[in-house]
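Chemist: What follows is a protein structure lacking sequence information:
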RNA sequence: GCGGCUAUAGUUCAGUGGCAGAACGCCGCUCUGUGGCAGCGGAUGUCGUGGGUUCGAAACCCACUAGCCGCCCCA
(Lines give C-alpha, C1' and ligand atoms only; values in the text may rest on other atoms or scores of the structure.)
Protein backbone atom coordinates (compact mmCIF):
# COMPACT_ATOMS: atom_id res chain seq x y z
CA UNK A 1 0.00 0.00 0.00
CA UNK A 2 1.33 3.38 -0.94
CA UNK A 3 2.28 5.49 2.04
CA UNK A 4 -0.04 8.40 2.63
CA UNK A 5 1.40 11.87 2.55
CA UNK A 6 0.17 15.39 3.19
CA UNK A 7 -1.41 16.44 -0.11
CA UNK A 8 0.29 18.80 -2.52
CA UNK A 9 0.58 22.31 -1.21
CA UNK A 10 -0.28 21.35 2.39
CA UNK A 11 2.13 20.63 5.20
CA UNK A 12 2.42 19.63 8.82
CA UNK A 13 3.69 22.17 11.30
CA UNK A 14 5.71 20.55 14.06
CA UNK A 15 7.57 21.61 17.17
CA UNK A 16 9.77 23.51 17.58
CA UNK A 17 8.45 25.55 14.63
CA UNK A 18 4.94 25.66 16.09
CA UNK A 19 6.47 27.56 19.00
CA UNK A 20 7.27 30.33 16.58
CA UNK A 21 3.72 30.23 15.19
CA UNK A 22 2.31 30.56 18.68
CA UNK A 23 4.65 33.43 19.43
CA UNK A 24 3.58 35.27 16.26
CA UNK A 25 -0.10 34.71 17.00
CA UNK A 26 0.24 35.71 20.64
CA UNK A 27 2.02 38.90 19.57
CA UNK A 28 -0.74 39.64 17.06
CA UNK A 29 -3.45 39.13 19.71
CA UNK A 30 -1.61 41.33 22.19
CA UNK A 31 -0.97 44.16 19.72
CA UNK A 32 -4.46 44.06 18.18
CA UNK A 33 -6.03 44.11 21.64
CA UNK A 34 -4.28 47.41 22.37
CA UNK A 35 -6.11 48.89 19.37
CA UNK A 36 -9.49 47.62 20.46
CA UNK A 37 -9.86 44.65 18.12
CA UNK A 38 -11.92 41.60 19.05
CA UNK A 39 -11.60 38.16 17.50
CA UNK A 40 -14.04 36.80 14.93
CA UNK A 41 -14.07 33.18 13.75
CA UNK A 42 -16.00 32.52 10.57
CA UNK A 43 -16.60 29.14 8.89
CA UNK A 44 -13.87 27.53 6.81
CA UNK A 45 -16.40 27.04 3.99
CA UNK A 46 -19.07 29.32 2.70
CA UNK A 47 -21.64 29.53 -0.06
CA UNK A 48 -19.70 29.84 -3.32
CA UNK A 49 -21.78 32.90 -4.25
CA UNK A 50 -20.18 34.85 -1.39
CA UNK A 51 -16.77 34.72 -3.01
CA UNK A 52 -18.07 35.03 -6.55
CA UNK A 53 -19.80 38.29 -5.64
CA UNK A 54 -17.41 39.55 -2.99
CA UNK A 55 -14.01 38.76 -4.42
CA UNK A 56 -15.03 39.07 -8.06
CA UNK A 57 -15.93 36.53 -10.76
CA UNK A 58 -13.09 37.59 -13.01
CA UNK A 59 -10.30 37.36 -10.46
CA UNK A 60 -7.94 34.41 -10.76
CA UNK A 61 -8.82 33.44 -7.22
CA UNK A 62 -12.45 32.88 -8.07
CA UNK A 63 -12.15 31.77 -11.67
CA UNK A 64 -9.48 29.12 -11.20
CA UNK A 65 -8.18 28.71 -7.68
CA UNK A 66 -11.11 27.83 -5.46
CA UNK A 67 -11.90 24.46 -3.92
CA UNK A 68 -15.58 24.18 -4.75
CA UNK A 69 -18.02 21.28 -4.54
CA UNK A 70 -21.71 20.53 -4.53
CA UNK A 71 -22.91 19.83 -1.01
CA UNK A 72 -23.57 16.10 -0.94
CA UNK A 73 -26.72 16.00 1.16
CA UNK A 74 -28.48 18.17 -1.32
CA UNK A 75 -26.54 17.35 -4.45
CA UNK A 76 -29.38 15.41 -6.00
CA UNK A 77 -32.07 17.93 -5.20
CA UNK A 78 -32.95 21.11 -7.02
CA UNK A 79 -31.59 23.09 -4.12
CA UNK A 80 -28.11 21.58 -4.31
CA UNK A 81 -25.76 24.12 -2.78
CA UNK A 82 -22.37 25.01 -4.11
CA UNK A 83 -19.85 25.38 -1.29
CA UNK A 84 -16.27 26.67 -1.33
CA UNK A 85 -13.32 26.53 1.05
CA UNK A 86 -12.62 30.16 1.84
CA UNK A 87 -9.80 31.62 -0.29
CA UNK A 88 -9.65 34.72 1.90
CA UNK A 89 -11.49 35.92 4.97
CA UNK A 90 -12.73 39.44 4.29
CA UNK A 91 -15.87 38.32 2.46
CA UNK A 92 -16.75 35.99 5.35
CA UNK A 93 -16.30 38.75 7.90
CA UNK A 94 -18.49 41.17 5.95
CA UNK A 95 -21.11 38.44 5.48
CA UNK A 96 -21.14 37.91 9.26
CA UNK A 97 -21.35 41.68 9.79
CA UNK A 98 -24.48 41.78 7.64
CA UNK A 99 -26.00 38.55 8.97
CA UNK A 100 -25.70 39.54 12.63
CA UNK A 101 -26.84 43.10 11.96
CA UNK A 102 -23.73 44.53 13.57
CA UNK A 103 -24.55 47.80 11.83
CA UNK A 104 -27.49 48.19 14.25
CA UNK A 105 -25.10 48.53 17.17
CA UNK A 106 -24.12 51.83 15.59
CA UNK A 107 -20.60 51.06 16.68
CA UNK A 108 -17.46 50.83 14.69
CA UNK A 109 -16.54 47.15 14.38
CA UNK A 110 -12.88 46.18 14.80
CA UNK A 111 -12.46 42.49 14.16
CA UNK A 112 -9.42 40.27 13.68
CA UNK A 113 -9.07 36.65 12.62
CA UNK A 114 -6.37 34.01 12.46
CA UNK A 115 -6.96 30.96 10.32
CA UNK A 116 -6.28 28.81 7.27
CA UNK A 117 -7.30 29.85 3.76
CA UNK A 118 -7.35 27.70 0.63
CA UNK A 119 -6.30 28.41 -2.95
CA UNK A 120 -5.46 25.88 -5.62
CA UNK A 121 -2.25 27.47 -6.88
CA UNK A 122 1.01 25.87 -7.87
CA UNK A 123 2.93 25.51 -4.60
CA UNK A 124 6.20 27.29 -4.02
CA UNK A 125 8.18 28.46 -1.05
CA UNK A 126 5.92 30.91 0.80
CA UNK A 127 2.91 29.85 -1.24
CA UNK A 128 0.80 26.92 -0.16
CA UNK A 129 -2.64 25.59 -1.00
CA UNK A 130 -3.57 25.72 2.63
CA UNK A 131 -2.02 28.81 4.11
CA UNK A 132 -2.65 30.93 7.17
CA UNK A 133 -3.71 34.51 7.31
CA UNK A 134 -3.79 36.86 10.24
CA UNK A 135 -6.11 39.65 9.28
CA UNK A 136 -8.32 42.38 10.61
CA UNK A 137 -11.21 44.50 9.41
CA UNK A 138 -12.52 47.85 10.56
CA UNK A 139 -16.01 48.57 9.32
CA UNK A 140 -19.28 50.16 10.28
CA UNK A 141 -21.87 52.71 9.20
CA UNK A 142 -20.49 56.00 7.91
CA UNK A 143 -21.56 57.79 11.09
CA UNK A 144 -19.26 55.50 13.10
CA UNK A 145 -16.31 57.04 11.32
CA UNK A 146 -15.55 53.84 9.41
CA UNK A 147 -14.69 55.76 6.27
CA UNK A 148 -12.32 58.14 8.01
CA UNK A 149 -8.74 58.40 6.80
CA UNK A 150 -7.83 58.17 10.46
CA UNK A 151 -8.79 54.47 10.35
CA UNK A 152 -6.55 53.77 7.39
CA UNK A 153 -3.60 55.37 9.14
CA UNK A 154 -4.39 53.64 12.42
CA UNK A 155 -4.41 50.25 10.75
CA UNK A 156 -1.11 50.96 9.00
CA UNK A 157 0.46 52.25 12.20
CA UNK A 158 -0.72 49.12 14.03
CA UNK A 159 0.86 46.93 11.38
CA UNK A 160 4.17 48.75 11.61
CA UNK A 161 4.07 48.30 15.39
CA UNK A 162 3.27 44.62 15.01
CA UNK A 163 6.15 43.98 12.62
CA UNK A 164 8.55 45.93 14.78
CA UNK A 165 7.49 44.07 17.90
CA UNK A 166 8.13 40.78 16.14
CA UNK A 167 11.53 42.05 15.11
CA UNK A 168 10.97 41.91 11.35
CA UNK A 169 13.85 43.78 9.76
CA UNK A 170 13.83 45.94 6.64
CA UNK A 171 10.09 45.94 5.95
CA UNK A 172 8.76 48.50 3.52
CA UNK A 173 5.29 49.97 3.24
CA UNK A 174 3.90 50.95 -0.14
CA UNK A 175 0.61 52.80 -0.38
CA UNK A 176 -1.63 54.00 -3.15
CA UNK A 177 -5.17 55.12 -3.74
CA UNK A 178 -7.25 53.37 -6.37
CA UNK A 179 -10.11 55.81 -5.98
CA UNK A 180 -13.73 55.50 -5.05
CA UNK A 181 -16.18 53.09 -6.60
CA UNK A 182 -17.08 55.85 -9.05
CA UNK A 183 -13.56 56.99 -10.02
CA UNK A 184 -12.22 53.49 -10.40
CA UNK A 185 -14.46 52.46 -13.31
CA UNK A 186 -13.69 55.80 -15.01
CA UNK A 187 -10.00 55.11 -14.68
CA UNK A 188 -10.33 51.54 -15.94
CA UNK A 189 -12.26 52.82 -18.96
CA UNK A 190 -9.51 55.37 -19.69
CA UNK A 191 -6.91 52.66 -19.28
CA UNK A 192 -8.66 50.40 -21.76
CA UNK A 193 -8.87 53.26 -24.20
CA UNK A 194 -5.16 54.04 -23.84
CA UNK A 195 -4.22 50.37 -24.13
CA UNK A 196 -6.28 49.62 -27.24
CA UNK A 197 -3.88 51.17 -29.80
CA UNK A 198 -0.68 49.81 -28.16
CA UNK A 199 -1.90 46.42 -27.03
CA UNK A 200 -0.41 44.53 -29.96
CA UNK A 201 3.07 45.81 -29.13
CA UNK A 202 3.04 44.31 -25.66
CA UNK A 203 3.92 40.87 -24.31
CA UNK A 204 1.33 38.12 -24.52
CA UNK A 205 0.76 38.32 -20.76
CA UNK A 206 0.04 42.02 -20.90
CA UNK A 207 -2.23 41.64 -23.92
CA UNK A 208 -4.28 39.22 -21.91
CA UNK A 209 -4.28 41.53 -18.87
CA UNK A 210 -5.29 44.48 -21.01
CA UNK A 211 -8.36 42.47 -21.86
CA UNK A 212 -9.26 40.86 -18.55
CA UNK A 213 -7.86 43.12 -15.83
CA UNK A 214 -6.22 46.28 -17.18
CA UNK A 215 -5.14 47.44 -13.71
CA UNK A 216 -2.73 44.54 -13.56
CA UNK A 217 -0.82 45.82 -16.58
CA UNK A 218 0.43 48.60 -14.31
CA UNK A 219 2.53 46.39 -12.07
CA UNK A 220 3.80 44.15 -14.84
CA UNK A 221 7.45 43.18 -14.50
CA UNK A 222 7.89 42.90 -18.25
CA UNK A 223 10.89 45.10 -19.08
CA UNK A 224 9.97 45.57 -22.73
CA UNK A 225 6.59 47.03 -21.91
CA UNK A 226 7.78 49.59 -19.36
CA UNK A 227 7.82 52.45 -21.83
CA UNK A 228 4.22 51.86 -22.79
CA UNK A 229 3.23 51.42 -19.17
CA UNK A 230 4.93 54.68 -18.18
CA UNK A 231 2.80 56.46 -20.79
CA UNK A 232 -0.51 55.14 -19.50
CA UNK A 233 -2.90 57.40 -17.62
CA UNK A 234 -2.25 57.71 -13.88
CA UNK A 235 -4.88 56.77 -11.34
CA UNK A 236 -4.00 59.90 -9.35
CA UNK A 237 -5.40 62.03 -12.19
CA UNK A 238 -8.76 60.30 -11.96
CA UNK A 239 -9.39 60.62 -8.24
CA UNK A 240 -12.26 62.91 -7.37
CA UNK A 241 -11.67 65.64 -4.82
CA UNK A 242 -13.01 63.58 -1.95
CA UNK A 243 -10.72 60.63 -2.71
CA UNK A 244 -7.74 62.93 -3.15
CA UNK A 245 -8.43 64.59 0.15
CA UNK A 246 -8.92 61.24 1.84
CA UNK A 247 -5.58 59.94 0.55
CA UNK A 248 -3.86 63.15 1.59
CA UNK A 249 -5.23 62.76 5.10
CA UNK A 250 -3.98 59.17 5.29
CA UNK A 251 -0.47 60.25 4.34
CA UNK A 252 -0.53 63.20 6.74
CA UNK A 253 -1.55 60.93 9.61
CA UNK A 254 1.20 58.46 8.74
CA UNK A 255 3.69 61.32 8.79
CA UNK A 256 2.40 62.43 12.17
CA UNK A 257 2.89 58.90 13.55
CA UNK A 258 6.34 58.55 12.03
CA UNK A 259 5.39 55.57 9.87
CA UNK A 260 7.67 55.45 6.82
CA UNK A 261 6.04 54.70 3.47
CA UNK A 262 6.44 55.18 -0.24
CA UNK A 263 3.59 56.04 -2.57
CA UNK A 264 3.51 53.53 -5.41
CA UNK A 265 1.04 54.73 -8.06
CA UNK A 266 1.18 51.31 -9.70
CA UNK A 267 0.16 49.40 -6.61
CA UNK A 268 -3.17 47.79 -7.46
CA UNK A 269 -4.80 44.95 -5.66
CA UNK A 270 -6.13 41.88 -7.39
CA UNK A 271 -9.41 41.68 -5.59
CA UNK A 272 -12.31 43.63 -7.04
CA UNK A 273 -13.59 45.05 -3.78
CA UNK A 274 -10.74 47.47 -3.06
CA UNK A 275 -11.41 51.22 -3.14
CA UNK A 276 -9.32 54.24 -2.19
CA UNK A 277 -6.38 53.25 0.04
CA UNK A 278 -4.47 50.12 -0.92
CA UNK A 279 -1.20 49.00 0.63
CA UNK A 280 1.38 46.27 0.80
CA UNK A 281 4.23 45.50 3.20
CA UNK A 282 7.25 43.82 1.63
CA UNK A 283 10.52 42.47 2.99
CA UNK A 284 13.95 42.79 1.33
CA UNK A 285 15.66 40.08 -0.71
CA UNK A 286 17.29 37.46 1.44
CA UNK A 287 14.36 37.33 3.83
CA UNK A 288 13.52 33.81 2.79
CA UNK A 289 10.66 34.57 0.46
CA UNK A 290 12.22 34.75 -2.99
CA UNK A 291 9.91 36.65 -5.28
CA UNK A 292 6.96 36.12 -2.94
CA UNK A 293 8.14 39.15 -1.00
CA UNK A 294 4.72 40.54 -0.14
CA UNK A 295 4.27 39.87 3.54
CA UNK A 296 0.85 41.37 3.82
CA UNK A 297 -1.59 43.40 1.81
CA UNK A 298 -4.87 45.13 2.19
CA UNK A 299 -6.94 48.15 1.54
CA UNK A 300 -10.25 49.90 1.83
CA UNK A 301 -13.47 48.32 0.54
CA UNK A 302 -16.19 50.93 0.86
CA UNK A 303 -18.72 49.16 -1.35
CA UNK A 304 -18.31 45.53 -0.33
CA UNK A 305 -21.14 45.31 2.15
CA UNK A 306 -23.65 46.66 -0.36
CA UNK A 307 -22.26 44.34 -3.02
CA UNK A 308 -23.16 41.47 -0.69
CA UNK A 309 -26.66 42.81 -0.10
CA UNK A 310 -25.94 44.57 3.18
CA UNK A 311 -26.17 48.16 4.39
CA UNK A 312 -23.60 50.74 3.45
CA UNK A 313 -20.57 49.86 5.59
CA UNK A 314 -17.27 51.33 4.48
CA UNK A 315 -14.26 49.48 5.83
CA UNK A 316 -10.58 48.79 5.65
CA UNK A 317 -8.67 45.61 6.31
CA UNK A 318 -5.55 43.62 5.73
CA UNK A 319 -4.33 40.04 5.56
CA UNK A 320 -0.92 38.94 6.71
CA UNK A 321 0.55 35.82 5.09
CA UNK A 322 1.45 34.05 8.31
CA UNK A 323 3.47 31.36 6.53
CA UNK A 324 5.53 34.08 4.88
CA UNK A 325 5.94 35.97 8.11
CA UNK A 326 7.28 32.81 9.78
CA UNK A 327 9.69 32.17 6.88
CA UNK A 328 10.93 35.74 7.17
CA UNK A 329 11.48 35.47 10.91
CA UNK A 330 13.32 32.19 10.44
CA UNK A 331 15.53 33.66 7.71
CA UNK A 332 16.21 36.76 9.78
CA UNK A 333 16.81 34.63 12.87
CA UNK A 334 14.65 36.86 14.98
CA UNK A 335 13.90 33.91 17.22
CA UNK A 336 17.43 32.65 17.75
CA UNK A 337 16.94 31.85 21.39
CA UNK A 338 15.95 28.27 21.95
CA UNK A 339 13.18 27.52 24.40
CA UNK A 340 14.37 25.09 27.07
CA UNK A 341 12.49 23.52 29.93
CA UNK A 342 13.17 24.76 33.44
CA UNK A 343 14.27 21.37 34.74
CA UNK A 344 14.89 17.75 33.95
CA UNK A 345 14.22 15.40 36.86
CA UNK A 346 16.58 12.41 36.78
CA UNK A 347 15.72 9.43 38.97
CA UNK A 348 18.63 7.17 39.88
CA UNK A 349 17.28 3.67 39.51
CA UNK A 350 13.76 2.61 38.62
CA UNK A 351 12.80 2.40 42.29
CA UNK A 352 13.14 6.21 42.33
CA UNK A 353 10.72 6.73 39.41
CA UNK A 354 7.65 7.27 41.58
CA UNK A 355 9.43 9.81 43.77
CA UNK A 356 10.74 11.58 40.66
CA UNK A 357 7.27 11.85 39.13
CA UNK A 358 5.89 13.22 42.39
CA UNK A 359 8.67 15.81 42.46
CA UNK A 360 7.92 16.75 38.84
CA UNK A 361 4.25 17.13 39.73
CA UNK A 362 5.17 19.46 42.57
CA UNK A 363 7.38 21.60 40.33
CA UNK A 364 4.83 21.70 37.51
CA UNK A 365 2.15 22.83 39.95
CA UNK A 366 4.52 25.61 40.89
CA UNK A 367 4.41 26.69 37.23
CA UNK A 368 7.72 25.29 36.06
CA UNK A 369 8.20 23.36 32.82
CA UNK A 370 9.62 19.96 33.66
CA UNK A 371 10.54 16.70 31.95
CA UNK A 372 11.16 13.45 33.81
CA UNK A 373 13.78 10.89 32.90
CA UNK A 374 13.68 7.20 33.71
CA UNK A 375 15.49 5.39 36.46
CA UNK A 376 16.85 2.85 34.02
CA UNK A 377 18.99 5.60 32.44
CA UNK A 378 22.62 5.61 33.40
CA UNK A 379 23.67 8.94 34.83
CA UNK A 380 25.53 9.77 31.65
CA UNK A 381 22.44 9.24 29.58
CA UNK A 382 20.40 11.39 31.95
CA UNK A 383 22.94 14.17 31.58
CA UNK A 384 22.84 14.02 27.82
CA UNK A 385 19.06 13.90 27.62
CA UNK A 386 18.73 16.67 30.21
CA UNK A 387 21.23 18.96 28.49
CA UNK A 388 19.25 18.82 25.25
CA UNK A 389 15.92 19.59 26.87
CA UNK A 390 16.44 21.67 29.95
CA UNK A 391 18.47 24.38 31.61
CA UNK A 392 18.99 22.37 34.78
CA UNK A 393 18.90 18.79 36.01
CA UNK A 394 17.58 17.65 39.37
CA UNK A 395 19.04 14.37 40.58
CA UNK A 396 16.69 12.13 42.56
CA UNK A 397 18.79 9.42 44.19
CA UNK A 398 18.76 7.55 47.47
CA UNK A 399 20.61 10.32 49.31
CA UNK A 400 18.31 13.02 48.02
CA UNK A 401 15.13 11.14 48.89
CA UNK A 402 16.28 10.37 52.42
CA UNK A 403 17.79 13.78 53.17
CA UNK A 404 15.28 15.98 51.31
CA UNK A 405 18.27 17.93 49.92
CA UNK A 406 18.33 17.74 46.13
CA UNK A 407 21.30 18.04 43.83
CA UNK A 408 20.77 20.54 41.00
CA UNK A 409 23.12 20.74 38.06
CA UNK A 410 23.10 23.98 36.06
CA UNK A 411 24.11 23.36 32.45
CA UNK A 412 24.92 26.91 31.41
CA UNK A 413 26.96 27.69 34.54
CA UNK A 414 28.34 24.15 34.77
CA UNK A 415 28.08 24.15 38.55
CA UNK A 416 26.14 22.05 41.03
CA UNK A 417 24.14 23.09 44.05
CA UNK A 418 22.47 21.31 46.98
CA UNK A 419 18.94 22.69 47.42
CA UNK A 420 16.37 21.80 50.12
CA UNK A 421 13.17 20.53 48.58
CA UNK A 422 11.11 23.41 49.99
CA UNK A 423 13.27 25.92 48.15
CA UNK A 424 13.62 23.94 44.93
CA UNK A 425 10.85 25.60 42.93
CA UNK A 426 12.03 29.13 43.65
CA UNK A 427 15.63 28.10 43.00
CA UNK A 428 14.71 26.70 39.58
CA UNK A 429 12.73 29.78 38.72
CA UNK A 430 15.80 31.97 39.07
C1' G B 1 -2.16 26.87 -15.46
C1' C B 2 3.11 27.60 -18.21
C1' G B 3 8.70 26.93 -18.36
C1' G B 4 12.98 25.02 -15.75
C1' C B 5 15.90 22.39 -11.79
C1' U B 6 15.80 18.52 -8.28
C1' A B 7 14.43 13.73 -5.55
C1' U B 8 20.01 8.52 -2.25
C1' A B 9 20.19 7.08 5.82
C1' G B 10 16.86 11.22 10.82
C1' U B 11 19.71 15.70 8.41
C1' U B 12 23.22 17.73 4.75
C1' C B 13 25.08 15.52 0.69
C1' A B 14 28.86 12.28 -2.49
C1' G B 15 28.26 8.42 -5.76
C1' U B 16 28.21 8.93 -14.92
C1' G B 17 26.51 1.33 -15.90
C1' G B 18 29.55 -3.48 -11.91
C1' C B 19 28.84 -5.28 -3.60
C1' A B 20 24.69 1.33 -0.99
C1' G B 21 28.62 5.57 0.82
C1' A B 22 30.64 10.04 3.99
C1' A B 23 29.86 13.66 7.67
C1' C B 24 26.75 15.10 11.49
C1' G B 25 23.03 13.00 14.40
C1' C B 26 21.13 8.33 16.76
C1' C B 27 21.88 3.57 19.73
C1' G B 28 25.26 0.32 22.55
C1' C B 29 29.90 -0.78 25.16
C1' U B 30 34.48 0.91 27.68
C1' C B 31 31.31 3.53 32.06
C1' U B 32 24.80 2.07 37.30
C1' G B 33 26.34 8.93 41.47
C1' U B 34 28.72 13.40 37.73
C1' G B 35 27.79 13.84 31.02
C1' G B 36 29.75 16.81 26.95
C1' C B 37 36.10 14.43 25.20
C1' A B 38 38.12 9.85 23.50
C1' G B 39 38.23 4.66 21.78
C1' C B 40 35.50 0.50 19.95
C1' G B 41 31.03 -1.45 17.95
C1' G B 42 25.94 -1.00 15.72
C1' A B 43 21.44 0.34 12.98
C1' U B 44 20.60 3.43 9.41
C1' G B 45 17.75 2.87 3.25
C1' U B 46 11.71 -0.12 -1.21
C1' C B 47 18.31 5.11 -3.89
C1' G B 48 10.40 9.36 -4.60
C1' U B 49 6.69 5.78 -7.43
C1' G B 50 5.76 2.83 -11.78
C1' G B 51 7.52 1.14 -16.30
C1' G B 52 11.51 0.59 -20.08
C1' U B 53 16.80 -0.17 -22.05
C1' U B 54 20.79 -3.60 -20.34
C1' C B 55 24.09 -9.72 -18.73
C1' G B 56 23.80 -5.90 -14.94
C1' A B 57 20.45 0.59 -13.33
C1' A B 58 20.84 4.83 -7.65
C1' A B 59 23.07 6.23 -12.48
C1' C B 60 20.49 5.97 -19.13
C1' C B 61 15.11 6.65 -21.29
C1' C B 62 9.63 7.47 -20.46
C1' A B 63 5.51 8.51 -17.36
C1' C B 64 3.71 9.89 -12.72
C1' U B 65 4.18 12.15 -7.86
C1' A B 66 6.39 15.74 -4.79
C1' G B 67 9.66 19.84 -3.57
C1' C B 68 12.18 24.07 -5.23
C1' C B 69 13.21 28.33 -8.92
C1' G B 70 11.04 31.68 -12.48
C1' C B 71 6.22 33.20 -14.67
C1' C B 72 0.96 33.90 -13.75
C1' C B 73 -1.43 35.41 -9.44
C1' C B 74 -1.45 36.64 -4.51
C1' A B 75 -0.65 36.73 1.49
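Modeler: Ah, there it is. Remember, predicted model here, so these are calculated numbers, not experimental data.

Chemist: Any figure for the gap between the nearest residue to residue A:235 once chain neighbours are set aside and residue A:16?
Modeler: The shortest distance from residue A:235 to any residue other than its chain neighbours is 5.3 Å, reached at residue A:187 (C-beta to C-beta, 6 or more residues apart in numbering). From N, CA and C alone the C-beta is placed, and that goes for glycine too. Distance from residue A:187 to residue A:16, counting by C-beta to C-beta, to the nearest Å: 49 Å.

Chemist: So those two - more neighbours on which side?
Modeler: Set residue A:187 next to residue A:16 and count neighbours by other C-beta atoms under 10 Å: residue A:187 wins out with 20 against 9.

Chemist: So that one: helix, strand or coil?
Modeler: Residue A:187 falls in the helix class when you classify it by DSSP: H, G, I helix; E, B strand; the rest coil.

Chemist: Would you confirm that it contacts residue A:179?
Modeler: Yes: between residue A:187 and residue A:179 there is a contact under C-beta atoms under 8 Å: 6.1 Å.

Chemist: which neighbours do these two share?
Modeler: Residues touching both residue A:187 and residue A:179 by C-beta atoms under 8 Å, 6 or more residues apart in numbering: A:235, A:238.

Chemist: Quick one: check stretch A:315-325 for contact with RNA strand B.
Modeler: Yes: contact of stretch A:315-325 with RNA strand B (C-beta under 7 Å from any atom of the strand) involves A:319, A:320, A:321, A:323, A:324.

Chemist: so what's the backbone phi/psi at the closest residue to the last one other than its chain neighbours?
Modeler: Going back to what we said before, that points to residue A:324. Closest residue to residue A:324 apart from its sequence neighbours, by C-beta to C-beta, 6+ apart: residue A:126 at 4.7 Å. For residue A:126, the backbone dihedrals (degrees, to the nearest 10) come out as phi 80, psi 10.

Chemist: interface residues of the stretch 1-150 of chain A facing RNA strand B?
Modeler: A:2, A:5, A:7-10, A:59-61, A:64-65, A:88, A:119, A:121-128, A:131, A:133.

Chemist: and the residue of the stretch 151-300 of chain A at minimum distance from RNA strand B, what does it touch?
Modeler: In the stretch 151-300 of chain A, the residue that lies nearest RNA strand B is residue A:270 (1.3 Å; C-beta to the nearest atom of the strand). Shown in contact with residue A:270 (C-beta under 8 Å, 6+ apart): A:59, A:60, A:61, A:213, A:216.

Chemist: Least confident of the residues you listed?
Modeler: Lowest in pLDDT among these is residue A:213, which has 79.

Chemist: Tell me where the model's unsure across the stretch 51-200 of chain A.
Modeler: Scanning the stretch 51-200 of chain A with the threshold set as pLDDT under 70 gives A:73-79.

Chemist: what about the strands in the stretch 151-300 of chain A?
Modeler: Using DSSP state E, counting those that start in this stretch, the strands of the stretch 151-300 of chain A run over residues A:172-177, A:262-263, A:275-282, A:294-300.
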